[in-house]
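# next comes the sequence, and after it the predicted model I'd like to discuss.
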Amino acid sequence: MTPRTWAAVAFGVLLAALAVVVITRVPWSTAPAPRADQLAALRTLPEDAVSRGRAFHSALRPSSYGGLATGLLVALILGLTPLGARLVELAGRPFGGHWLVQAILGGLAVVFAGELVTLPFAAWRQSVLRDYGLSTQTWGAWAVDLLKAYVIGAIIGAVALVGFFTVTRLFPRWWFAVGAAGAAGLMVLLTFVFPVLIEPVFNKFTPMEPGQLRTDLQAMAQEAGVPVRDVLVADASRRTRAVNAYVSGFGPTRRIVVYDTLLEEAPAREVRAVVAHELSHAQQNDVVTGTLISALGAALAVCGLYLLGSWGGLLRRAGVESIAEPRAVALLVAVAAVAGFLTAPAQAYVSRRIEARSDEYALVSTSDGTTFEEMMARLATVNLADPDPPALEHLLFSSHPSTVERMAMARAWSRGR
Ligand SMILES: [Zn+2]
């Protein structure tokens, strides 16, 4: 068997493994959210909150879709014409065109070209957030956030680029095997590193103050059988009025994080409902599921790129001799952008299923459908959600069930018990 056949076999095995993970770890049967209940829930929401949420999302739409389309277009133009290869050469030229310099500076030049072109859309988005009072950031603070994100992206990007092109040079025929293992390993590493190294760059986390709420939340974690290292409060208010909570990391870095805005806005019983939802993510190891999916996805991507590397027409378009040379980095970015775009709806669907399970858990563990609905109504109002978004947009992009779906699920659950 040739390396190419082995790569095809690896691709097939990884795809099957991904299917097994998705089938076995994603909840496919969660309580339904009858449309009649959704419409009834919609009628209970304050009319001005609903119209404000809709107006906000209409105002965001041009910048969201504009940024998405422009980013894709630039990736395709750079990747499917010799322009990208030329940009890499240009970036490497001051250093004699050494492959390592081409890989790092060329790769970053290609990625940042895309960032630069979509920057006006990001600024547009931020101006809408400010207009609607959701963002509490000055433009200066926003720019600092952006720069921090660029620096972190550049560091992770440089590690990935050096790793990838070192492997392609060391193993010119078998790089897919080492590269796939490396890409999967990087995804696992990022899950561990993200909460302890990257999140603190953007927010300050302090342990929740001792008191009834903290005691309650710890008791809930105990009851859920979830080893949570701490309940932390993030200073989200320096950036946004939006309320939220989440769980990140796993093993020794796992923690529950509550936004300070949530503690400010919501009564304790609603905070408990939110945290109950988050505890379900920890209990069901949803972070592990997410990491498994991204690790397998990254390994698949490397094998897929190797297989694409024998497509002569594609290489000619990009003006490169091999997909494994640094000059082909724009082609790699273009393929990744298209793959990300095409698989986004499936990722969103899987995410919505997992989120629905957490809602169900929150209902069962608090046995309080009324508070759950009140909490959802507050989240929608404060966060300017469109409680019942356009169906196609929801299907393609939403990571969570809609507000009315979540409220309807609570109603159906309350009736059924
Ligand atoms: Zn969730």
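Received it, and whenever you're ready, just let me know what you need.

# all contacts plus neighbour counts: C-alpha atoms, from now on.
OK.

# where is the longest helix in this structure?
Longest helix in the chain, counting residues (DSSP state H): helix 329-366.

# ok now it, how far from the chain's centre?
7 Å (Cα atoms, centre = their mean, to the nearest Å).

# tell me which residues of it come out buried.
329-337, 344-345, 347-366 (16 or more other Cα atoms under 10 Å).

# for stretch 308-320, same thing?
In stretch 308-320, counting by 16+ other Cα under 10 Å, buried: 309, 314, 315, 318, 319, 320.

# can you check stretch 217-225 too?
Here stretch 217-225 shows 217, 218, 220, 221, 224 as buried, counting by 16+ other Cα under 10 Å.

# can I get the buried residues of stretch 308-320 in JSON lines with pLDDT?
As requested, these are exported to JSON lines (pLDDT from 0 to 100):
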{"residue": "309", "pLDDT": "94"}
{"residue": "314", "pLDDT": "96"}
{"residue": "315", "pLDDT": "97"}
{"residue": "318", "pLDDT": "96"}
{"residue": "319", "pLDDT": "96"}
{"residue": "320", "pLDDT": "96"}
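
# can you tell me which of those residues are in strands?
Within those, no residue falls in strands by DSSP state E.

# the residues you listed into TSV, with extra columns for distance to residue 129?
Formatted as TSV, the buried residues of stretch 308-320 follow (distance: Cα to Cα, whole Å):
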residue	distance to residue 129
309	43
314	41
315	42
318	38
319	42
320	42
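
# of these, closest to residue 119?
When the buried residues of stretch 308-320 are compared for distance to residue 119 (Cα to Cα), residue 318 wins out at 25.1 Å.

# was I right about the closest one contacting residue 86?
No. Between residue 318 and residue 86 there is no contact under Cα atoms under 8 Å: 9.7 Å.

# need the overlap of contacts for those two.
In terms of Cα atoms under 8 Å, 6 or more residues apart in numbering, residue 318 and residue 86 are not both contacted by any residue.

# residue 295 reaches residue 189, doesn't it?
No. Contact criterion Cα under 8 Å: residue 295 and residue 189 do not qualify, at 9.9 Å.

# who has more neighbours, those two?
residue 295 (23 against 13; other Cα atoms under 10 Å).

# and the more buried one, helix, strand or coil?
Under DSSP: H, G, I helix; E, B strand; the rest coil, the three-state class of residue 295 is helix.

# not counting its neighbours along the chain, what's nearest it?
Using Cα to Cα, 6 or more residues apart in numbering and skipping the chain neighbours, the partner closest in space to residue 295 is residue 184 (4.1 Å).

# separation between residue 412 and residue 160?
47 Å (Cα to Cα, to the nearest Å).

# can you map out the strands along this structure?
205-207, 231-234, 245-248, 255-259.

# and the last one, average pLDDT?
I take that to be strand 255-259. Per-residue pLDDT over strand 255-259 has a mean of 89.

# follow-up on the earlier one: max pairwise distance over the buried residues of stretch 308-320: which two?
Maximum distance among the buried residues of stretch 308-320 (Cα to Cα): 12.8 Å, for 309 and 319.

# now do residue 368, the pLDDT please.
At residue 368, pLDDT is 95.

# oh, and call the first residue 6 from now on, that's how I've got it
Will do, 6 is the new start, and the previous item becomes residue 373.

# just checking: what are the partner strands of the worst-scoring helix or strand of the chain on mean pLDDT?
Every helix and strand of the chain was ranked by mean pLDDT, DSSP states H and E. The lowest is strand 250-253, at a mean of 82. Take DSSP bridges as the rule and strand 250-253 pairs in its sheet with strand 260-264 (antiparallel).

# now the partner strand: how far from the chain's centre is it?
With Cα atoms, centre = their mean as the basis, strand 260-264 stands 17 Å off its chain's centre.

# show residues contacting that strand.
So strand 260-264 is contacted by 233-242, 248-254, 280, 283-284 (Cα under 8 Å, 6+ apart).

# repeat that with 10 Å
200, 210-213, 222, 226, 232-242, 245-254, 276, 279-280, 283-284, 286-287 (Cα atoms under 10 Å, 6 or more residues apart in numbering).

# any weak-confidence spans in the stretch 56-205 of the chain?
Applying pLDDT under 70 to the stretch 56-205 of the chain flags no residue at all.

# tell me, how many residues neighbour the residue nearest to residue 270 when sequence neighbours are not counted?
Leaving aside its sequence neighbours, residue 270 sits nearest to residue 248 (Cα to Cα, 6+ apart; 7.7 Å). By other Cα under 10 Å, the residues close to residue 248 number 21.

# that older thread, which residues are common contacts for residue 300 and residue 194?
Joint contacts of residue 300 and residue 194 (Cα under 10 Å, 6+ apart) are residue 188.

# how close does residue 143 sit to residue 132?
In terms of Cα to Cα, residue 143 sits 10 Å off from residue 132.

# before we move on, the earlier item: of the contacts of strand 260-264, buried ones?
Counted by 16+ other Cα under 10 Å, the contacts of strand 260-264 give 200, 210, 213, 222, 226, 232-233, 235-242, 245-254, 276, 279-280, 283-284, 286-287 as buried.
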